[in-house]
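Engineer: Provide a 3D model corresponding to the input given below.
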Amino acid sequence: MALPKLKVLSLTDAAADRVKAIIARAERPIAGLRVGVKNGGCAGMSYTMDYAEAAQPGDEVVEDRGVRVFIDPKALLFLLGTEMDFQTTKLSSGFVFNNPNQTSACGCGESVAITPAKAEALSGASR
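Structural biologist: Next comes the predicted model:
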């Protein structure tokens, strides 16, 4: 019996619409959005996002809802199974990562603690 395929990252309709709007306003040609994680913040890690003009060697390329996302290979196990959303409240708006690997977050909301998924889970990830 084959293991179910895990998607590295998926986007909600709201996130896809927001990324499309941001890319449409970019001042240079953009191939997609680069998503990763970096060490820092009071909880240990934070999510990173930037424009991507092209894929970098080793990037995982995810296409979802008409958006291309490039994932840094060092972030794959930290992001496996994550859903990216865009939420607007009375006081703020921004991207939110619903990450099954996240174990805690800091009070200010700027950083998270993430336990990487097991490497075996990556072999079942969709490409």
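
Engineer: quick one, helices of the protein?
Structural biologist: 13-24, 76-79, 119-123 (DSSP state H).

Engineer: which residue ranges form the strands in the protein?
Structural biologist: Here the chain has its strands, by DSSP state E, at 9-11, 32-39, 45-52, 60-64, 67-71, 82-88, 93-98, 102-105, 112-114.

Engineer: For residue 25, find the nearest of those.
Structural biologist: strand 45-52 (10.8 Å; CB to CB). All C-beta atoms are positioned from the backbone trio N, CA, C, and that covers glycine.

Engineer: Contacts for that closest one, please.
Structural biologist: Identification of contacts with strand 45-52 by CB atoms under 8 Å, 6 or more residues apart in numbering yields 23, 26, 28, 30-40, 68, 70, 78, 95, 97, 110-114.

Engineer: quick one: residue 23 from residue 44, how far?
Structural biologist: 30 Å (CB to CB, to the nearest Å).

Engineer: picking up where we left off before, may I see the strands of the chain arranged in a markdown table, with distance to residue 17 as well?
Structural biologist: Compiled in a markdown table, the strands of the chain are given as follows (distance: least, CB to CB, whole Å):
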| stretch | distance to residue 17 |
| --- | --- |
| strand 9-11 | 9 |
| strand 32-39 | 13 |
| strand 45-52 | 15 |
| strand 60-64 | 12 |
| strand 67-71 | 9 |
| strand 82-88 | 7 |
| strand 93-98 | 12 |
| strand 102-105 | 24 |
| strand 112-114 | 24 |
